[in-house]
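S.K.: next input, structure requested:
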Amino acid sequence: MSYGFKIIVEGDYACFTRPELKVERVSYDVPPPGALEGMLKSIYWKPAIRYVIDRIIVFHPIDLMNIRRNEVKDKVLYSSVKNQMNGKGADPCIYTSESRSQRASMVLKNVRYGVAFHFELTGLRDEEESDAENKHYNILKRRLEKGQCFRTPCLGCSEFPVKKIQIVDAFDENEISDQIKAMGDVDLGFMSYRVSFADQGRPINGDWENPKFSDQASTIYYRPHMVNGVIDVERYREGLKC
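M.R.: Predicted coordinates:
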């Protein structure tokens with residue numbers, strides 16, 4: 001059994017970076033399901049559940065703009081942090097004046113999406129609880145209604161936070177812009193569906209108290225169509241490719 005929700009998501013900007021373009025960021029025209037799953041995990045997440053995106057509705061016209069941003073090109077090394085904690089004097093800091101790089105980004109602006117999704121039990125952690133589904137459903141519903149989150153939900157990049165999330169009973173497809181409807185049936189090509197990690201959410205050391213997860217991952221792709229502003233993700237999920 002699965003428990004479903006419908007939400008409206010709005011934001012001033014969004015950037016769902018295409019993985020094939022690495023030097024400059026260029027956004028997909030529409031959000032990949034994996035990006036929306038990540039947004040939902042910012043609201044409520046437990047190892048016992050996984051989110052599944054069923055439909056995406058694009059209400060506003062696809063409006064791209066070009067901006068330039070300062071980005072930090074390096075990452076904090078785990079080994080440096082560990083060495084400093086062990087008193088070996090390593091400096092784990094990144095100094096932006098030395099690591100700053102200016103890059104162009106093609107981002108979306110003034111976005112509004114309808115997202116239909118459900119969650120499923122993963123069989124991890126609290127799988128023995130008979131009322132686990134009801135428990136997670138009620139917690140997620142309450143958090144969506146109250147606008148609660150444990151980290152800021154974002155639209156692709158952390159610099160582009162979600163402005164509003166509203167839970168609804170049904171989508172009003174009459175609110176889809178005429179420009180989107182005029183596009184008809186659009187083949188969106190191969191898009192990232194989500195990133196799949198080799199550990200499947202289970203600690204590779206088998207210890208949930210001090211978990212260690214795998215960094216090995218692969219991107220899964222799918223080829224959806226947007227028909228009059230509606231992407232039936234469930235329909236195209238059968239054609240996933242790694």
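
S.K.: can we go C-alpha only for contacts and neighbour counts from here?
M.R.: Fine.

S.K.: name the element Phe119 belongs to?
M.R.: Assigned by DSSP states H and E, Phe119 falls within strand 100-121.

S.K.: distance from the chain centre to that strand, please.
M.R.: Computed by C-alpha atoms, centre = their mean, to the nearest Å, the chain-centroid distance of strand 100-121 equals 7 Å.

S.K.: do the same with stretch 76-84
M.R.: For stretch 76-84, the distance to the chain centre is 27 Å (C-alpha atoms, centre = their mean).

S.K.: same question, stretch 156-176
M.R.: 13 Å.

S.K.: tell me the buried residues in that stretch?
M.R.: 156, 160-163, 165, 167, 176 (16 or more other C-alpha atoms under 10 Å).

S.K.: quick one: average confidence on the strand holding Phe119?
M.R.: On average, the pLDDT along strand 100-121 is 91.

S.K.: now the element after it, going C-ward?
M.R.: Downstream of strand 100-121, the next assigned helix or strand under DSSP H and E is helix 132-146.

S.K.: got the contact list for the helix or strand that that following helix is followed by?
M.R.: Following helix 132-146 in sequence order, the next helix or strand is strand 154-155 (DSSP H and E). The list of residues contacting strand 154-155 from outside it, by C-alpha atoms under 8 Å, 6 or more residues apart in numbering, reads 11, 13-16, 35-36, 39, 160-162.

S.K.: export those as JSON lines, with columns for distance to Lys146, secondary structure and pLDDT.
M.R.: Output for the contacts of strand 154-155, formatted as JSON lines (distance: C-alpha to C-alpha, whole Å; DSSP: H, G, I helix; E, B strand; the rest coil; pLDDT from 0 to 100):
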{"residue": "Gly11", "distance to Lys146": "18", "secondary structure": "strand", "pLDDT": "95"}
{"residue": "Tyr13", "distance to Lys146": "23", "secondary structure": "strand", "pLDDT": "95"}
{"residue": "Ala14", "distance to Lys146": "23", "secondary structure": "strand", "pLDDT": "95"}
{"residue": "Cys15", "distance to Lys146": "26", "secondary structure": "coil", "pLDDT": "94"}
{"residue": "Phe16", "distance to Lys146": "26", "secondary structure": "coil", "pLDDT": "94"}
{"residue": "Ala35", "distance to Lys146": "22", "secondary structure": "helix", "pLDDT": "93"}
{"residue": "Leu36", "distance to Lys146": "19", "secondary structure": "helix", "pLDDT": "95"}
{"residue": "Met39", "distance to Lys146": "16", "secondary structure": "helix", "pLDDT": "94"}
{"residue": "Phe160", "distance to Lys146": "21", "secondary structure": "strand", "pLDDT": "93"}
{"residue": "Pro161", "distance to Lys146": "17", "secondary structure": "strand", "pLDDT": "94"}
{"residue": "Val162", "distance to Lys146": "15", "secondary structure": "coil", "pLDDT": "94"}
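
S.K.: redo these as JSON lines? Include distance to Gly89.
M.R.: Below are the contacts of strand 154-155 laid out as JSON lines (distance: C-alpha to C-alpha, whole Å):
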{"residue": "Gly11", "distance to Gly89": "43"}
{"residue": "Tyr13", "distance to Gly89": "41"}
{"residue": "Ala14", "distance to Gly89": "40"}
{"residue": "Cys15", "distance to Gly89": "38"}
{"residue": "Phe16", "distance to Gly89": "38"}
{"residue": "Ala35", "distance to Gly89": "38"}
{"residue": "Leu36", "distance to Gly89": "40"}
{"residue": "Met39", "distance to Gly89": "37"}
{"residue": "Phe160", "distance to Gly89": "36"}
{"residue": "Pro161", "distance to Gly89": "36"}
{"residue": "Val162", "distance to Gly89": "39"}
